[in-house]
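>>> Take a look and give me a structure for this.
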Amino acid sequence: MPEESPDAGRTPRTCGSCGAEDLTRLPMVLTDGTDVTFISCNACESREWLLPMPDGTWRTAPIDVVLRRSSRRH
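Predicted coordinates:
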């Protein structure tokens, strides 16, 4: 998937910005069927969307990708 950026060793257990573990995690399925986890850090207030990869790794999805995959197609 070229539209997502790789994040070596990234998991939804820690903040990608500050490394804190005090996170709000919301797993969900986008309109197009893509599984994602929205993460909001309670320490630094950063937010990100993560996509699980088939090999067990996680990749950050830019917000424009999430919005595009969430829009209804007519």
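>>> Do me a favour and get the end-to-end distance for stretch 24-35?
The first residue of stretch 24-35 is 17 Å away from its last residue (C-alpha to C-alpha, to the nearest Å).
>>> Repeat that for stretch 12-31.
The first and last residues of stretch 12-31 sit 21 Å apart, counting by C-alpha to C-alpha.
>>> tell me which residues of stretch 64-74 are tucked away?
Going by neighbour count (16 or more other C-beta atoms under 10 Å), the buried part of stretch 64-74 is 65-66, 69. To be clear about C-beta, it is placed using only N, CA and C from the backbone, and glycine gets the same treatment.
>>> nearest to Val29, of the residues you listed?
Distance from Val29 was checked for each of those by C-beta to C-beta. The minimum falls on Arg69, at 10.1 Å.
>>> The closest one reaches Leu30, doesn't it?
Yes: the criterion here is C-beta atoms under 8 Å, and Arg69 meets it with Leu30 at 4.5 Å.
>>> part of a helix, is Val66?
Yes: read with DSSP: H, G, I helix; E, B strand; the rest coil, Val66 is one of the residues of a helix.
>>> Reformat the buried residues of stretch 64-74 as TSV; add distance to Ala43 and pLDDT.
What follows is the buried residues of stretch 64-74, written out as TSV (distance: C-beta to C-beta, whole Å; pLDDT from 0 to 100):
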residue	distance to Ala43	pLDDT
Val65	25	94
Val66	23	95
Arg69	28	93
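>>> Of those residues, which is the nearest to Pro12?
Taking C-beta to C-beta as the measure, Val66 is the one of these closest to Pro12, at 14.7 Å.
>>> show me where the chain has strands.
In order along the chain, the chain carries the following strands (DSSP state E): 5-6, 23-29, 35-41, 47-52, 58-61.
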